[in-house]
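In: Need a 3D model of the following:
(3 chains)
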Amino acid sequence: MEELHLEYYLVASAIMFFAGVYGFITRRNLLAILISIELILNSVDINFALFNRFLFPGQLEGFFFTLFAIGVSACETAVAIAIIINIYRNIRNIQVKNLEQLKD
Amino acid sequence: MEYTLFIVLLPFLSFLFLGLVGKRLTPRAAGYIGTVVLAISTCLSYITAWHYFTTAKVDGVFEKLTPLNFTWLNFTEKLHIDLGILLDPIAVMMLVVITTVSLMVHLYSVGYMHGERGFQRYYAFLSLFTFSMLGLVVATNIFQMYIFWELVGASSYLLIGFDYAHPEAVAASKKAFIVTRFADLGFLVGILILSFYTGTFDFERLTSGDASLFAGMEGLSFMGCSVVSWALALIFMGGAGKSAMFPLHVWLPDAMEGPTPVSALIHAATMVVAGVYLVARLFPVYYLQAPDVLVLVAIVGAVTSLYAAIVACVQTDIKRVLAFSTISQIGFMMVGLGVSGMEGREGLGYMASMFHLFTHAMFKALLFLGAGAIIHAVHSNEMEHMGGLRKYLPITHITFLVACLAIAGIPPFSGFFSKDEILAATFHFNPALGAVMSLTAGLTAFYMFRLYYRIFWNKASHRDHAPREAPGSMTVPLTFLAAATLVAGFIPFGKFVTSDSAEYIIHLDWTVAAASVAVALIAIGIATLFYRRESPIPDRLASSLRGLHAAASRRFYLDDLYLFVTKKIIFNGISKPVAWFDRHVVDGAMNGFATLSQRVSYSIRGFQSGQVQQYVMVILLGVLLIAVLALFI
Amino acid sequence: MNFLSLFVLVPVLMMVGLFLSKNLTQIRAVAVTGASLLLALAVGLVFAYLGERAAGNTSEMLFAADHVWYAPLNIHYSVGVDGISVAMLLLSAIIVFTGVFASWKMEFLEKEFFLWFCLLSTGVFGFFISLDLFTMFMYYEIALIPMYLLIGVWGSGRKEYSAMKLTLMLMAGSALLLLGILGIYYLSGATSMNLLEIARTGVPAASQNWLFPLVFVGFGVLGALFPFHTWSPDGHASAPTAVSMLHAGVLMKLGGYGCFRVAIYLMPQAANELAWIFIILTGVSVVYGAYSAIVQTDLKYINAYSSVSHCGLVLFAILMLNQTAMNGAILQMLSHGLMTALFFALIGMIYGRTHTRDIRQMQGLMKIMPFLGVCYVIAGLASLGLPGLSGFVAEMTIFIGAFIHQDAFHRVFTIIACTSIVITAVYILRVVGKILYGPAADHQHIDAGDARWYERTSTIVLILAIAGIGLAPLWISDMISDSLLPIVQNINL
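Out: I've put the predicted structure just below:
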């Protein structure tokens, strides 16, 4: 079996990343946007782990950072969902285009 | 002679006192304080005159004395304003004239202004005026003169507008101030030029005949005239404004809106001769540096004199007749100065001019005070409300007649002597000018007797109650001034005041004298014929010369011209467009700038839509762009 | 503790006192005490200054002190005064003092009003005692900012518009100014922002040519330099009385003083070269302001345009670059400050009684309020340059000084400036004739009553100052003139 090269993983994570960006830009629903952000974050986490595994095998910083980022993103998601729920309670809607109060 | 300071200072103290605490005093007390203070000043100035004329003569020439002089303000190393007292024959003469007339007016006003609102204020202003006028005549330098010149103008403004509830009085005071201010602009620029080149304001240095002072101006000319001529002509403009010379005379007839004693003091005897005094003060400079300006002075004087005499013939307001008569007489004085020379017998014009100033102050003040007594009696300024008053106002009648004879130039009244000298000097200078002045003198006799007859003779107008003679406080000054008018002509004036301060023996030029007396008598005769009784001749004459008559009663449309210039040109033609320009163009540009920034921000605010997704899109595109650029460049 | 710093400290303490005070009486007590203290300090300073000079102290700045404030940028807190700043401090103290009395009857938010008023005074006093360019600029800004609130909150008429316009225009000026100051500092190569040091090291002639206009226009906006004067009519018309007084009386002088102290003093070569441009602008504004004033119908607008004319004369005289004219300029600042403050105070008092400032709706006020009427006439006479009042002294010194230049250009503009004395007479007498004289027509004004004691205090102090300078100008003129010597030498090098 051919060895799995770094590039394959990178391609996969890049696809994930751009899928996240695409979703972030095009989705109108706050939850979908949140999921897209998660996708972006996870693709970055994959990259951290990959680079550590392939380029600096003796070290652990990349893994640590991945774990740290997962933790932070979990908190962030919690906060984001809280906000979204609050928004829903206030305006009965979680469509991005309706959130314009802060503009004025 | 340091005590001369008090002549000037006392009226000022009286002004401060009456101005600050006048309201707490009774009117009577205020009047007495003003009068007594001025009486002290008057005594002091008589003492000064006696003292000066008996002791100040050195080698047959009167010295200039400077009992007091201190620096008031420094400009540059050379130029500084001093305040001080300069005594020379003309200054001393003016001290006497001003304090005398002012004292008479103070005394007279006690009766005339009795019961007026603001009596205390009136006395305060009179004191202020007297102070300023005295400060003007004793000025040691031209800038001190300018300072007091302005103060005189301001006190004249305050006094003309004394009855401030009357719109006419307010308008007249404003007009007087602004017209003279305009003339003072010329004076100021003249001073600037003169002082810049000579490096001094000092009269003594300027008039010392030291040609080196004027060396800096040598060869400089502007628009075809030398700079020194310009400077002196501009200074004369200031004098012409104050002395109501044509065409800056328009304020004086209107100034008659002020109380009559004020007209007597300011607009007949003292302030209006300030211009003459100014030219006399700088006479050596005029004579030595710019004889061409002296010719201008003579011409302006002659034109004014003739013009005012013609206009005076058709006025119906007695104070206005007197006002034009004043303008005309000041014209005589200017002519006298203009035709004069410097040394010895050549200085006749100067001497005569000063002499006329002196006698004129007395008889013109008398005329005005007399007019005041008449107005006091009939409560009107118009001739048609008078007539036949000689029975009711005997003292006023006699004194008024004396003054009329004096101004008409009938011997032995004072006007004869002084006017005759001026005519003699004028004939000596230029016979044509002499003829004009003789004609003017004839007109003077005519309009004065027209006035006299229409007030005291002619048909009496209908009255509800008989007019009563004025109280003692008014008749005493009249009598005093009439006495002065009778004797003033016999003062050997040439002994005291001459162009070179040396003695001048007056010889009457009998041909000129006889001719002028004849002209005056003929004019009086015509006036008698026309106006002694009610007569149809004047009306017929007026209607046959309708154009001239109308023009003269409208003062040859000069006032209309001024009104046109100020209202139409300055107010509507300059100020309104300027104000519009400021609001709409200059401010509009600022507002436009603000509006523009607002528009720009509105148009770019679309970029800050608040749509995070849009931002990310832009960021993404930006990153891609940078990546592509980084790859291919 | 330096004696001069008290000028800044006292207003700050006043602010603390105001903050702690509980009712109107206490507020007034604090304001009056503080303002009197400032006035006493200023008078004391004049005597101390003259005493030092008489004792033979010839250094350029007296009572100087210097502390490092922010070392990395070489910013010092350095103070010192010469005759000119002493005169300006005296003026400011008089106007703050009278301003307190003029705002005795504040309608609402008295405490806040006086707080901002004190902050403004802090800025003004700080500006005049500073020698360091940066602290000078800082105080300048401190003086400007409160203006926005004072006009915007306590003003009248279109107050928001005026306040915004005023602030924005003056801020635009200070932007130029900041650029200029930094340019001067960096290009001169001086080791501190101290004025005297920069004057010694000098700014390179090439950079002066672009720095000078920046600084001159920057300060000129505040000094009502044509065509950047349009904030002044609107601003003054909307401002409350005491603020108008302080603004026209002192703040506009900051502009003139700054032009003179920073632009001319530090950049003499450029001043010599570029003066002609600004002489044209200021010469125009002298006559232009006066003509504009003739047709105005709002008392405050008349006075604001009159200020444009008079302040134009200040800048005009400064640009003549000789000792006499500059002396006249400083005297004119003093004189204009005093008389315009008097005018605004009186207009405020008249407005308080008639509830209109439109001259067409007033008549015969002299009968109803003789005291205010007489004061107004005195202010008017001072404004049109009557001898014996301060305006005359200043104007004559300026004209004599301006006439020293012999070329046709200067002569023409000097004579143009001289004509303003006639136009001034026209608009002053027009107003006096319209509102004070004539029969008292409007009956609703009749029970308005004359000035109260606090109003009398305010006007009498100002009139005394005006007459004081007008009657005995020698000491103050000489004091200023001596201090101008080093500056003039710097120009003629």
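
In: From now on I want contacts and neighbour counts done on CA atoms only, so please keep to that.
Out: Will do.

In: Buried residues in stretch C:184-203, which are they?
Out: Within stretch C:184-203, the residues that count as buried by 16 or more other C-alpha atoms under 10 Å in any protein chain shown are C:184-185, C:187-188, C:190, C:192-199, C:202-203.

In: just the helices in chain A please.
Out: For chain A, the helices defined by DSSP state H cover A:6-26, A:30-55, A:61-91.

In: Tell me the residue of chain B that sits nearest chain C?
Out: Residue nearest to chain C within chain B: B:Ala165 (3.9 Å; C-alpha to the nearest C-alpha).

In: Once you drop chain neighbours, what's closest to that residue?
Out: C:Gly438 (3.9 Å; C-alpha to C-alpha, 6 or more residues apart in numbering or on different chains).

In: Quick one: list the elements packing against the one helix or strand B:Thr475 maps to.
Out: According to DSSP states H and E, B:Thr475 maps onto helix B:472-488. With contacts taken as 3 or more C-alpha pairs under 8 Å, 6 or more residues apart in numbering or on different chains; DSSP states H and E, helix B:472-488 sits against helix B:89-112, helix B:348-378, helix B:394-408, helix B:414-429.

In: Report the inter-axis angle for that helix versus helix B:394-408.
Out: Counting by axes from the mean of the first three to the mean of the last three C-alpha atoms, to 10 degrees, helix B:472-488 lies at 30 degrees to helix B:394-408.

In: Would you indicate which residues of helix B:472-488 are buried?
Out: Buried-residue list, helix B:472-488, by 16+ other C-alpha under 10 Å: B:473-479, B:481-486, B:488.

In: Over to stretch B:46-55?
Out: For stretch B:46-55, by 16+ other C-alpha under 10 Å, it's B:Tyr46, B:Ile47, B:Thr48, B:Ala49, B:Tyr52, B:Phe53.

In: next one: stretch A:57-67
Out: A:Gly62, A:Phe63, A:Thr66.

In: what would the residues you listed look like in TSV with pLDDT?
Out: As requested, the buried residues of stretch A:57-67 are arranged in TSV below (pLDDT from 0 to 100):
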residue	pLDDT
A:Gly62	89
A:Phe63	91
A:Thr66	92
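
In: show me what contacts B:Ser575?
Out: Neighbour list for B:Ser575: C:Tyr291, C:Ser292, C:Ala293, C:Ile294, C:Val295 [criterion: C-alpha atoms under 8 Å, 6 or more residues apart in numbering or on different chains].

In: Helix, strand, or coil at the closest residue to chain B within chain C?
Out: Residue nearest to chain B within chain C: C:Gly438 (3.9 Å; C-alpha to the nearest C-alpha). For C:Gly438, the assignment made with DSSP: H, G, I helix; E, B strand; the rest coil gives coil.

In: before we move on, what about C:Trp104?
Out: coil.

In: That one: what's it in contact with?
Out: Taking C-alpha under 8 Å, 6+ apart as the test, what C:Trp104 contacts is C:Arg28, C:Tyr454.

In: B:Phe143 too?
Out: Counting by C-alpha under 8 Å, 6+ apart, B:Phe143 touches B:Ile81, B:Asp82, B:Ile191, B:Phe201.

In: ok, the last one to B:Ser195 distance?
Out: Counting by C-alpha to C-alpha, to the nearest Å, the gap between B:Phe201 and B:Ser195 amounts to 6 Å.

In: Could you name every residue contacting both of these two?
Out: B:Leu79.

In: picking that back up, my understanding was that the residue of chain C closest to chain B contacts B:Ala169; is that so?
Out: No. C:Gly438 lies out of contact with B:Ala169 (C-alpha atoms under 8 Å); the separation is 9.1 Å.

In: pLDDT score for whichever residue of chain A sits closest to chain B?
Out: Going by C-alpha to the nearest C-alpha, chain B is nearest to A:Ile25 of chain A, at 4.7 Å. pLDDT for A:Ile25: 86.

In: Identify the residues contacting the nearest residue to it once chain neighbours are set aside.
Out: Nearest residue to A:Ile25 in three dimensions, chain neighbours excluded: B:Gln613, at 4.7 Å (C-alpha to C-alpha, 6+ apart). Applying C-alpha under 8 Å, 6+ apart to B:Gln613 gives the contacts A:Phe24, A:Ile25, A:Thr26.

In: If you average the pLDDT over the helix or strand containing C:Leu91, what comes out?
Out: Here C:Leu91 sits within helix C:83-102, counting by DSSP H and E. Averaged over helix C:83-102, pLDDT sits at 90.

In: That helix near chain B anywhere?
Out: No. Legend: contact between helix C:83-102 and chain B by C-alpha under 8 Å from any C-alpha of the partner chain is lacking; minimum distance shown is 15.7 Å.

In: where's the helix or strand that that helix is followed by relative to the chain centroid, distance-wise?
Out: Downstream of helix C:83-102, the next assigned helix or strand under DSSP H and E is helix C:110-129. Here the centre of helix C:110-129 is set off from its chain's centre by 15 Å, with C-alpha atoms, centre = their mean, to the nearest Å.

In: tell me the angle of helix C:110-129 relative to helix C:83-102?
Out: 170 degrees.

In: Just the CA atoms of helix C:110-129, as CSV, please.
Out: Output of helix C:110-129 as CSV, limited to C-alpha atoms (Å, rounded to 0.1, in the frame of the first residue of the first chain):
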residue,chain,number,x,y,z
GLU,C,110,-25.7,76.3,36.7
LYS,C,111,-23.1,73.9,38.1
GLU,C,112,-22.3,72.3,34.8
PHE,C,113,-22.1,75.7,33.1
PHE,C,114,-19.6,77.0,35.6
LEU,C,115,-17.6,73.8,35.4
TRP,C,116,-17.2,74.1,31.7
PHE,C,117,-16.6,77.8,32.1
CYS,C,118,-13.7,77.1,34.5
LEU,C,119,-12.3,74.5,32.2
LEU,C,120,-12.3,77.0,29.4
SER,C,121,-10.5,79.5,31.7
THR,C,122,-7.9,76.9,32.5
GLY,C,123,-7.1,76.5,28.9
VAL,C,124,-6.9,80.2,28.3
PHE,C,125,-4.6,80.9,31.2
GLY,C,126,-2.5,77.9,30.5
PHE,C,127,-2.1,79.0,26.9
PHE,C,128,-0.8,82.4,27.8
ILE,C,129,1.7,81.2,30.4
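
In: Who are the packing partners of the helix holding C:Leu91?
Out: Packed next to helix C:83-102, using 3+ C-alpha pairs under 8 Å, 6+ apart, are helix C:24-54, helix C:110-129, helix C:241-246, helix C:323-354, helix C:453-471, helix C:474-492.

In: Give me the angle between that helix and helix C:453-471.
Out: 160 degrees.

In: And helix C:83-102, how far out from the chain middle?
Out: Worked out by C-alpha atoms, centre = their mean, helix C:83-102 lies 9 Å from the chain centre.

In: May I have it exported as PDB, CA atoms only?
Out: The C-alpha coordinates for helix C:83-102 follow below in PDB (Å, rounded to 0.1, in the frame of the first residue of the first chain):
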ATOM      1  CA  GLY C  83       5.100  91.900  28.800                       C
ATOM      2  CA  ILE C  84       2.800  90.600  26.200                       C
ATOM      3  CA  SER C  85       1.600  87.500  28.100                       C
ATOM      4  CA  VAL C  86       1.200  89.700  31.200                       C
ATOM      5  CA  ALA C  87      -1.100  92.000  29.300                       C
ATOM      6  CA  MET C  88      -3.000  89.000  27.900                       C
ATOM      7  CA  LEU C  89      -3.300  87.400  31.400                       C
ATOM      8  CA  LEU C  90      -4.600  90.600  32.800                       C
ATOM      9  CA  LEU C  91      -7.200  90.800  30.000                       C
ATOM     10  CA  SER C  92      -8.300  87.200  30.500                       C
ATOM     11  CA  ALA C  93      -8.600  87.700  34.300                       C
ATOM     12  CA  ILE C  94     -10.700  90.800  33.800                       C
ATOM     13  CA  ILE C  95     -13.000  89.000  31.400                       C
ATOM     14  CA  VAL C  96     -13.400  85.900  33.400                       C
ATOM     15  CA  PHE C  97     -14.200  88.100  36.400                       C
ATOM     16  CA  THR C  98     -16.800  90.100  34.600                       C
ATOM     17  CA  GLY C  99     -18.100  87.000  32.800                       C
ATOM     18  CA  VAL C 100     -19.000  85.400  36.100                       C
ATOM     19  CA  PHE C 101     -21.000  88.400  37.100                       C
ATOM     20  CA  ALA C 102     -22.600  88.500  33.600                       C
END
